Structures are given as C-alpha cells and as structure tokens.
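Asker: could you look at this predicted model? Sequence included:
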Amino acid sequence: MTQEQLSLASGVNRSTIQDLESGHSDHKSERPANPRMMTILRLADALDLPVSELLEPVQERYDFEKARLAEESTQ
C-alpha cells in the first residue's frame, strides 16, 4: 500500500504518514513523532491491523529506555 493509498483509506494526511514513517514529528525537525490516538486508530483500521501491532515498537523502545535509565541510576 502506498502512502497515498493509506492516506485515502485512513483520512490521515499523507505528509503526516511520511512524518510517522520517518519517526519525526515533521520533516524539518528531529523531535520524535507523537501521533494522536485517533491517527493511530485510523491507520490501524485502514491497514486492518490491531492497534497493538502499531504500538509494539514504541513499547519496546520505552522498555529499553526504562531499563537503561534504571541501570544508570544504580551505577
């Protein structure tokens, strides 16, 4: 599925999809992407995926960072 097709199927702007794919909040910034829950729900629905599948990489990164910070605090 192309970004354009996903945009049409989900109602999410194509530039937003590009930003989410890059992991940044917009193409000019290095801030991490932080989509609204409605955006996540729309994309999951259009992709016929459970929301949990879209959020799994975020949860993994969160768990990694949490463990790293915990380890640093004990050193």
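Answerer: Looks like it arrived, so ask away.

Asker: what segments of the chain are strands?
Answerer: Shown for the chain, no strands are assigned by DSSP state E.

Asker: the helices in it, which residues?
Answerer: 3-10, 14-22, 37-47, 51-73 (DSSP state H).

Asker: packing partners of the longest one?
Answerer: If contacts are counted by 3 or more Cβ pairs under 8 Å, 6 or more residues apart in numbering; DSSP states H and E, helix 51-73 sits against helix 37-47. Yep, even glycine has a C-beta here, placed from its N, CA and C like the rest.

Asker: now do the buried residues in the helix it packs on.
Answerer: 39-40, 42-44, 46 (16 or more other Cβ atoms under 10 Å).

Asker: ditto for stretch 66-75
Answerer: Buried, per 16+ other Cβ under 10 Å, within stretch 66-75: nothing.

Asker: got the CA positions of that stretch in CSV?
Answerer: C-alpha atoms of stretch 66-75 as CSV (Å, rounded to 0.1, in the frame of the first residue of the first chain):
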residue,chain,number,x,y,z
LYS,A,66,13.4,2.5,31.1
ALA,A,67,15.8,-0.4,31.7
ARG,A,68,18.8,1.8,30.6
LEU,A,69,17.8,4.6,32.9
ALA,A,70,17.3,2.2,35.8
GLU,A,71,20.8,0.7,35.2
GLU,A,72,22.4,4.1,35.1
SER,A,73,20.8,5.1,38.4
THR,A,74,22.4,2.1,40.1
GLN,A,75,25.9,2.9,38.9
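
Asker: poorly predicted segments of the chain, please.
Answerer: 26-27 (pLDDT under 70).

Asker: taking the centroid of it, which residue is nearest it?
Answerer: For the chain, the residue nearest the mean C-alpha position is residue 20 (5.4 Å; Cα atoms, centre = their mean).
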